[in-house]
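Novice: Give me the fold of what follows.
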Amino acid sequence: MVNQLHGGTSQGYYRRGVAYLAMGKFKDALKDFQQVKRLCPNDPDAAKKLRECEKAVMKLKFEEAISVPEAERRSVADSIDYRSIVGSMVSNRILMGGAAAVVLAAALMAANFMSMEAVVAIIVLAASVMVLVFPLARVNSEFLYGTRISAKGNLATEVEPQYSGARIEGDAVTLDFVKKMIEDFKKEKCLHKRYAFQIVLQTRELLRALPSLVDISVPDGKHFTICGDVHGQFYDLLNIFELNGLPSEDNPYLFNGDFVDRGSFSLEVILTLFAFKCMCPSAMYLTRGNHESKSMNKIYGFEGEVKSKLNETFVELFAEVFCCLPLAHVINNKVFVVHGGLFSVDGVKLSDIKAIDRFCEPPEEGLMCETLWSDPQPFPGRGPSKRGVGLSFGPDVTQKFLEDNNLDLVVRSHEVKDEGYEIDHDGKLITVFSAPNYCDQMGNKGAFIRFESPEMKPNITSFSAVPHPNVMPMAYANNFLKMFS
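Specialist: Here you go, the predicted model:
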């Protein structure tokens, strides 16, 4: 590898390029790998990685070219009625015209009349015309699986008579349905798209109504459980419920972000958590993590998994719903819960977090970014993040934030820990991580924290990984990423 064969500057560019890649910043990564190639022109490894990076950037530019401008983009969720799952048919002329342009370009290229760049230009032009004439063409094309043509000329998804999986009767998601769905998932069976749409869309409505910081009240004599990253480890999620009980009004949970990616059962995890949220909103609270974002999902597997198990429409739908997730919670005015950590400036109040406009993809700086990405450090003050985004914050930062907001404790996740948890900052900060034997290779335990009201003292349970079907972690991840791993 370049960072082993060469020292100094090329090593720095290489490492930074890999870091950019891990965050989905392909264009920044390309610049660094171009520098590595310039400094090490005869290194085959550098040349290979540069070529792959150039392909990724070209693909990204192609996707940008055919995407609908933000100002003109319609919500995928607003185009779907899960009761009938109806979407307007795409004009055959548009589809045939686009297909004809692609076929013509391919024929001309075969005859050596066109360069590859010209072919790409024609394809982009054809796709752009489709998008301009009918912005939902990409969405509606996904309704072709399991559909019929309605009397109005629309596409309507039906539940086939031979479907034997879990069914939702009416609008209410019940415990019986959730249990049946979980049993199906354990057997690696899929939930019908009609019910998946219903769960995701109902969850979206529940989340949209919440503030960016949610206050939770736990009555005296009751308890509350916080879990950390699950990362698509569905069978370990079920083990948490075996150890601590299913979510209910009397047994509420908060899952603190990073539900998906890396683990290859991320869809099962997110549909299970969302279903419990629909069943009983006060039984399931959800915080956004840094992996609830398009860029992370594209690289670390969730996008590929959703395309494989459902379809492209759900990729965009999940992206919209992830933007509705709250950024933080406060329990009984004592415990502050956030996925990443604290902030680059002093004086941040809970009202500042509540005022964040979170309905977007995560920015690269600012309060929202820091809630998702920051990490604690053992020494005072603040420092640069080892991740390249967010920051590291010391015990003095934690103490001041708690004092400024009259709080007792920070609970966060975001980092794997040997025992599934770690207590830092003079007992004022706890990291909890709930994905044991992370990615089937770390050997760590998972953990969850249970608080009893009114004392709200943390009671931590660690647990080991359980077996899962023979599907490896990162099975759906971007192949480009695997080359750098």
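Novice: Specify the local secondary structure of the closest residue to Ile423 other than its chain neighbours.
Specialist: For Ile423, ignoring the flanking residues on the chain, the nearest one in space by Cβ to Cβ, 6 or more residues apart in numbering is Ile430 at 5.4 Å. In this view, the C-beta of every residue, glycine as well, is placed from N, C-alpha and C. For Ile430, the assignment made with DSSP: H, G, I helix; E, B strand; the rest coil gives strand.
Novice: Just list the residues touching Ile430, thanks.
Specialist: Listed by Cβ atoms under 8 Å, 6 or more residues apart in numbering, the contact partners of Ile430 are 409-412, 421-424, 449, 458, 460.
Novice: what about burial for these, which qualify?
Specialist: Buried residues within the contacts of Ile430, counting neighbours by 16 or more other Cβ atoms under 10 Å: 409-412, 421-422, 424, 449, 458.
Novice: picking up where we left off before, could you give the bridge partners of the residue nearest to Ile423?
Specialist: Val411, Ile423 (DSSP bridges).
Novice: just the contacts of Ile430 now: which is nearest Val315?
Specialist: Arg412 (28.0 Å; Cβ to Cβ).
Novice: The closest one contacts Thr431, correct?
Specialist: Yes: if you go by Cβ atoms under 8 Å, Arg412 and Thr431 touch, sitting 5.8 Å apart.
Novice: residues shared between the contacts of those two?
Specialist: Shared contacts of Arg412 and Thr431 (Cβ under 8 Å, 6+ apart): Pro376.
Novice: Mind picking out the helix or strand in the chain with the poorest mean pLDDT?
Specialist: helix 2-5 (a mean of 36; mean pLDDT, DSSP states H and E).
Novice: And the next helix or strand past that helix?
Specialist: helix 8-22 (DSSP states H and E).
Novice: tell me the angle of the longest helix anywhere in the chain relative to helix 8-22?
Specialist: Criterion DSSP state H: the longest helix present in the chain is helix 44-66. Going by axes from the mean of the first three to the mean of the last three Cα atoms, to 10 degrees, helix 44-66 is angled at 40 degrees with respect to helix 8-22.
Novice: ok, and for helix 44-66, which residues are buried?
Specialist: By 16+ other Cβ under 10 Å, the buried positions in helix 44-66 come out as 46-47, 49-50, 52-53, 56-57, 66.
Novice: Relative to Cys324, which of the residues you listed is nearest.
Specialist: The closest of those, once distances to Cys324 are taken by Cβ to Cβ, is Ile66, at 25.7 Å.
Novice: quick one: pLDDT of the closest one?
Specialist: Ile66 carries a pLDDT score of 66 in this model.
Novice: and what of Gly340?
Specialist: Confidence at Gly340, expressed as pLDDT, is 98.
Novice: Now do Ser84, the pLDDT please.
Specialist: For Ser84, pLDDT reads 73.
Novice: Next: the one 3 residues further on.
Specialist: We note a pLDDT of 39 for Gly87 in this prediction.
Novice: Against Ala319, how distant is the closest residue to Trp373 other than its chain neighbours?
Specialist: Nearest residue to Trp373, sequence neighbours excluded (Cβ to Cβ, 6+ apart): Gly390, at 3.0 Å. Per Cβ to Cβ, to the nearest Å, Gly390 is found 21 Å from Ala319.
Novice: Likewise for Ala47?
Specialist: Computed as Cβ to Cβ, the Ala47 to Ala319 distance reads 34 Å.
Novice: Check Asp404 too.
Specialist: Distance from Asp404 to Ala319, counting by Cβ to Cβ: 34 Å.
Novice: okay, the two: which has more neighbours?
Specialist: Remark: of Asp404 and Ala319, Ala319 carries more neighbours, 19 against 13, as counted by other Cβ atoms under 10 Å.
Novice: ok, back up a step: and the longest helix of the chain, how far from the chain's centre?
Specialist: 23 Å (Cα atoms, centre = their mean, to the nearest Å).
Novice: and it, what does it pack onto?
Specialist: If you count contacts as 3 or more Cβ pairs under 8 Å, 6 or more residues apart in numbering; DSSP states H and E, helix 44-66 packs onto helix 2-5, helix 8-22, helix 26-39, helix 116-133, helix 479-484.
Novice: Name the nearest residue to Cys369, ignoring sequence neighbours.
Specialist: Once flanking residues are discounted, Cys369 sits nearest to Pro363: 5.2 Å by Cβ to Cβ, 6+ apart.
Novice: can I assume the one you found is in contact with Thr371?
Specialist: No: under the criterion of Cβ under 8 Å, Pro363 makes no contact with Thr371, lying 11.0 Å away.
Novice: Show me which of those two is the more surrounded one.
Specialist: Using other Cβ under 10 Å as the criterion, Pro363 and Thr371 rank with Thr371 on top: 31 against 12.
Novice: Please spell out which residues along the helix or strand where the more buried one lies are buried.
Specialist: Assigned by DSSP H and E, Thr371 falls within helix 367-373. For helix 367-373, a neighbour-count test (16+ other Cβ under 10 Å) marks 367-373 as buried.
Novice: just stretch 455-468 next, same as before
Specialist: Across stretch 455-468, burial judged by 16+ other Cβ under 10 Å covers 456, 458, 461, 463, 465, 468.
Novice: any idea how far Arg358 is from the last one?
Specialist: Look at His468 and Arg358: by Cβ to Cβ, they are 32 Å apart.
Novice: Also the fourth one?
Specialist: Taking Cβ to Cβ as the criterion, Phe463 is separated from Arg358 by 31 Å.
Novice: got the contact list for the spatially most central residue of the chain?
Specialist: Nearest to the geometric centre of the chain sits Glu292, at 2.6 Å (Cα atoms, centre = their mean). Shown in contact with Glu292 (Cβ under 8 Å, 6+ apart): 257-260, 322, 325.
Novice: tally of neighbours for Glu419?
Specialist: For Glu419, the neighbour count with other Cβ under 10 Å is 12.
Novice: Let me see the ranges of the strands in the stretch 201-350 of the chain.
Specialist: 213-216, 223-227, 253-255, 284-286, 328-331, 335-338 (DSSP state E, counting those that start in this stretch).
Novice: Report all helices and strands that the second one contacts.
Specialist: When contacts are defined as 3+ Cβ pairs under 8 Å, 6+ apart, strand 223-227 packs onto strand 253-255, strand 446-452.
Novice: Output those strands as CSV; include the columns mean pLDDT and distance to Arg194.
Specialist: Compiled in CSV, those are given as follows (pLDDT from 0 to 100; distance: least, Cβ to Cβ, whole Å):
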stretch, mean pLDDT, distance to Arg194
strand 253-255, 99, 25
strand 446-452, 98, 33
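Novice: Using JSON lines, lay out those together with distance to Gly394.
Specialist: Shown next, in JSON lines, are these (distance: least, Cβ to Cβ, whole Å):
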{"stretch": "strand 253-255", "distance to Gly394": "26"}
{"stretch": "strand 446-452", "distance to Gly394": "22"}
